[in-house]
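Asks: I would like the atomic coordinates for the input below:
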Amino acid sequence: MKCIIADRPIEYDGSQISSLWAYTVYKVQEDSVVCFRGPCDVTPGHMIDLEDKLNEEKISSPDMIHFIVEHFDSTSVALAYTRQRLLSCIAGEALRDRKVFATRSGDDLYFGGEKASISIASASAVSMKIHFGINVRCDEWGSLEKAGVYDPDELMAEIGSRYAAEHDDIQRDMRKSRPLGAFS
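Replies: Next up is the predicted model:
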């Protein structure tokens, strides 16, 4: 799995969750996690979560770290959501390594009871996509700044590489396990 750290800020507006975005922008045709920092302002036309759209939720933040994940091995929405939760758990572990206690509920991270992340998972005809973002600074919600994390770019790179390494380790483990019933 390729982990790409963007060399410039990118505003997340929801369009980045479209299939083949990493290929279009970075020429990557394999499974990937693209990590970037920038503001967030999801337009209603790009909202994947119908509950958010129906409730006319505002999904925005002045500064976030973002992760756009794309997998080509399946188009299962259930698997996309499972991998989304794995990414959330990895982010929580990286924060705990920095002595920041984040609680997780589903795919969301909370600092001191304040929601600090957003996330969505879905699938297309060719791939599964995940967006996961954590507020760097935000007055309205929890943020890394409020939690005392002052190295958001380093944290972002660490979470992205940990996710890619976890994916690659799972792939290796799959290739060393005998199928059930193949005992001899």
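
Asks: For the nearest residue to I48 once chain neighbours are set aside, report the pLDDT, please.
Replies: Take I48 and drop its neighbours on the chain: the residue closest to it by Cβ to Cβ, 6 or more residues apart in numbering is I120, 4.6 Å away. All C-beta atoms are positioned from the backbone trio N, CA, C, and that covers glycine. On the pLDDT scale, I120 is placed at 96.

Asks: what about I120, is that helix, strand or coil?
Replies: strand (DSSP: H, G, I helix; E, B strand; the rest coil).

Asks: Now for it, how many residues are close by?
Replies: 22 (other Cβ atoms under 10 Å).

Asks: can you pull out the helices in the chain?
Replies: 21-26, 50-54, 77-97, 144-147, 152-174 (DSSP state H).

Asks: among the helices and strands of the protein, which one scores worst on average pLDDT?
Replies: None of the helices or strands of the chain scores lower by mean pLDDT, DSSP states H and E than helix 50-54, at a mean of 70.

Asks: Now do the contacts for the residue nearest in space to the middle of the chain.
Replies: Geometric centre of the chain, nearest residue: F132, 3.0 Å, by Cα atoms, centre = their mean. Taking Cβ atoms under 8 Å, 6 or more residues apart in numbering, we find F132 in contact with 66-67, 69, 84, 87-88, 91, 107, 117-119.
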